[in-house]
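A.B. asks: Generate coordinates for the sequence data below:
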Amino acid sequence: MADKKTDKKDVEKQEDSKAEKSDGKGLVSRFLPLIIMAVVVVFCAGAGFGLSRLLAGPDTAQTAEPAQEDEPTQAEDLKADVDSAAETQKSWYYPLEPVVANLDEPGVTRYVRATLMLEISPEVDQKKGIAFIEEKKPLLTNWLTIYLAGLGLEDIRGNRNLKRIQLQILDAFNERLFPDAKPGVKKILFKEFAIQ
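C.D. replies: Next up, the predicted model:
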């Protein structure tokens with residue numbers, strides 16, 4: 001009789017454990033579609049924000065303080081004196097020297113080496129623009145080194161992060177070069193971006 005009671009209890013325990021396992025699987029199967037939908041919604045929202053930021057470009061951001069109309073600023077002096085319409089459509093490029101910065105990675109020494117190419121608007125005269133950028137190059141290099149040193153390995157991996165970095169560099173360079181004028185740097189191009 002004791003064996004039948006023990007067997008009956010063992011069977012009940014096995015049935016209880018099977019019921020618990022099926023309840024656990026039931027919870028997962030019930031919430032899995034909701035989790036997937038939440039991930040898709042968050043991804044789409046992030047992609048929409050990123051796409052709108054990319055399509056908006058730097059021309060939509062306006063400076064808070066308008067430039068003084070009486071005195072032309074140094075950046076306004078750079079405007080090209082162009083005779084033909086064909087010449088106004090051509091951007092020109094300015095290469096920066098490579099910048100090397102240690103990444104903000106605890107316990108590991110990693111660095112990034114970045115070489116940038118600036119695409120300059122055709123509205124900026126090339127001769128005057130080169131001289132102007134040469135004068136401001138130490139400020140740009142300093143800012144870029146500090147900016148890159150503040151990034152971690154996960155901040156620079158992947159296509160999305162590189163595009164975000166390009167936009168942040170573009171905004172910062174335009175702010176430093178053309179604070180009271182229309183942005184003259186159209187794009188930041190990576191000539192080299194190596195992580196060691």
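A.B. asks: could you pull out the strands for the chain?
C.D. replies: Applying DSSP state E to the chain gives strands spanning 92-95, 99-102, 111-120, 185-195.
A.B. asks: which helices and strands does the last one pack with?
C.D. replies: In terms of contacts (3 or more Cβ pairs under 8 Å, 6 or more residues apart in numbering; DSSP states H and E), strand 185-195 is packed against strand 111-120, helix 153-156, helix 159-177. Placement of C-beta: from N, CA and C, glycine included.
A.B. asks: Go through the ones you listed and pick out the most buried.
C.D. replies: The highest average neighbour count among the helices and strands packed on strand 185-195, using mean count of other Cβ atoms under 10 Å, belongs to strand 111-120 at a mean of 18.
A.B. asks: just the angle between that one and helix 159-177, please?
C.D. replies: 60 degrees (axes from the mean of the first three to the mean of the last three Cα atoms, to 10 degrees).
A.B. asks: Can you give me the domain assignment for the protein?
C.D. replies: Following automatic domain parsing, the chain resolves into domains at 1-56, 91-195.
A.B. asks: In terms of mean pLDDT, which of those ranks lowest?
C.D. replies: Lowest mean pLDDT within these: domain 1-56, at a mean of 61.
A.B. asks: What sits closest to Tyr184 if chain neighbours are left out?
C.D. replies: Residue 184: Gly, not Tyr. Leaving aside its chain neighbours, Gly184 sits nearest to Val124 (4.5 Å; criterion: Cβ to Cβ, 6 or more residues apart in numbering).
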